[in-house]
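[1] Quick one: sequence plus predicted model below, questions after.
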Amino acid sequence: MSEASDPDEIPLAYASICDGLTVFPDSFGGEVFIKHPNQRDQIDYIHQYNIFVAQSEDMGVLKKERQIQEAADQGWWSKSKEAQIEGIRFTINRLEQTKKNLIYDSDKRRLGEQVAEQSAQLESLLTERSSYVSLTAEEWASKKTSDYFIHKHFYADSALKKNFFPSVSDFEMCNEETIDFFTLLYYKYMEKMSENQIKKVALSPLFQNICFISEQNCHSMFGRSVVEATTHQIDMLFYGKYFNSIIKNAEGKVPEELYKDPDKFVEWSESSTQKRELIERSSKRGSGNSGSGSTFLFGERSDIENMGLEVSGDKIISETKVKGGMSFQDSLEK
């Protein structure tokens with residue numbers, strides 16, 4: 001993940017989340033004010049989406065699963081390829097979960113390469129399948145739900161009193177240029193308020209400093225109750241508290257560059273914990289009667305040496321030199 005090129009990106013996103021409002025310039029020299037949804041709004045969108053799915057089916061638009069089944073029945077697509085897609089998805093998920101539990105960087109790189117290979121195969125199959133699937137009921141419902149969001153949350157004034165579009169039909173009856181413009185704004189807003197972007201804000205020193213001096217609840221952070229808070233405020237607070245806990249419990253200082261990448265930050269935290277546990281287990285084995293202080297698993301020599309551990313084979317060679325030789329039984333005990 002590359003660093004943000006705009007130094008104001010995080011502060012502006014933080015201010016937007018706190019205000020519960022995102023502002024874009026419109027095409028007429030004015031501004032579009034997008035009100036952030038709360039939890040009640042989210043429930044409303046799910047309800048509307050289900051209504052739109054039912055409406056699309058009444059109009060004869062098939063769901064994705066039904067279209068795939070019909071493509072297989074006609075011989076255009078095969079159930080074996082569909083099973084292959086599910087198998088690859090399962091494999092990718094398993095590899096990702098395994099990667100989280102690995103200690104050595106070399107092992108993580110190898111699994112990352114496997115994930116990339118599997119992902120390429122999956123993309124190829126999905127592209128092939130898409131040629132047999134037309135507009136689905138789910139896609140139509142998603143488009144209608146985004147139109148509903150534009151109707152409900154796009155305002156012409158900062159006081160949020162005047163909707164750009166009093167009804168969904170008012171928006172959908174606009175000319176193509178207007179529809180495209182506001183639809184593009186909708187996707188820009190979704191990008192600015194994406195889960196990864198909110199994680200970046202929550203991990204930033206700006207928000208973490210606030211976490212350290214606040215009570216870390218909606219009222220102290222945003223001056224409103226959980227019920228009144230927007231979904232973005234709740235998400236930022238949740239991730240902020242999670243990251244704050246990791247920082248407080250970290251052994252040593254967190255590398256500065258990790259504050260810009262939430263995924264690498266979590267990976268570093270999990271890896272640090274696993275490495276510490278391995279060193280502790282190795283130390284216990286070394287001080288007991290069970291043999292060597294560490295075991296070479298799948299990592300490369302440099303991985304183990306960087307952790308301050310001794311490769312088992314090196315220990316055997318070292319002791320052999322001291323003793324002037326080592327019996328077969330001695331080597332088994334190492």
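    All right, it came through fine.

[2] so the residue nearest in space to the middle of the chain is in which element?
    When CA atoms, centre = their mean is applied to the chain, the residue found nearest the centroid is residue 196 (5.7 Å). According to DSSP states H and E, residue 196 maps onto helix 195-203.

[3] Could you tell me which residues within that helix count as buried?
    Under the neighbour-count criterion of 16 or more other CB atoms under 10 Å, helix 195-203 has 197-203 buried. Heads up, the C-betas are built off the backbone N, CA and C, glycines and all.

[4] For burial, what's the neighbour tally of residue 64?
    Counted by other CB atoms under 10 Å, the residues lying close to residue 64 total 14.

[5] dump the residue contacts of it.
    For residue 64, the contact set (CB atoms under 8 Å, 6 or more residues apart in numbering) comprises 133, 136-139.

[6] wait, which of those is closest to residue 96?
    The closest of the contacts of residue 64 to residue 96 turns out to be residue 138 (CB to CB; 25.0 Å).

[7] I figured that closest one hits residue 61, correct?
    No: counting by CB atoms under 8 Å, residue 138 does not reach residue 61; the two are 9.4 Å apart.

[8] Need the pLDDT of residue 99.
    Predicted confidence (pLDDT) for residue 99: 84.

[9] what secondary structure does residue 220 sit in?
    Put simply, residue 220 is helix when judged by DSSP: H, G, I helix; E, B strand; the rest coil.

[10] surely it meets residue 214?
    Yes: the pair residue 220 / residue 214 is scored as a contact, 4.8 Å apart, by CB under 8 Å.

[11] and stretch 138-153, how far out from the chain's middle?
    The chain centre lies 23 Å from the centre of stretch 138-153; the measure is CA atoms, centre = their mean, to the nearest Å.

[12] list the buried ones in that stretch?
    138, 140-141, 144-153.

[13] Closest to residue 27 out of the residues you listed?
    Closest approach to residue 27 among those (CB to CB): residue 150, at 14.7 Å.

[14] so who does that closest one touch?
    Counted by CB under 8 Å, 6+ apart, residue 150 has contacts 164-165, 171, 182-183, 186.
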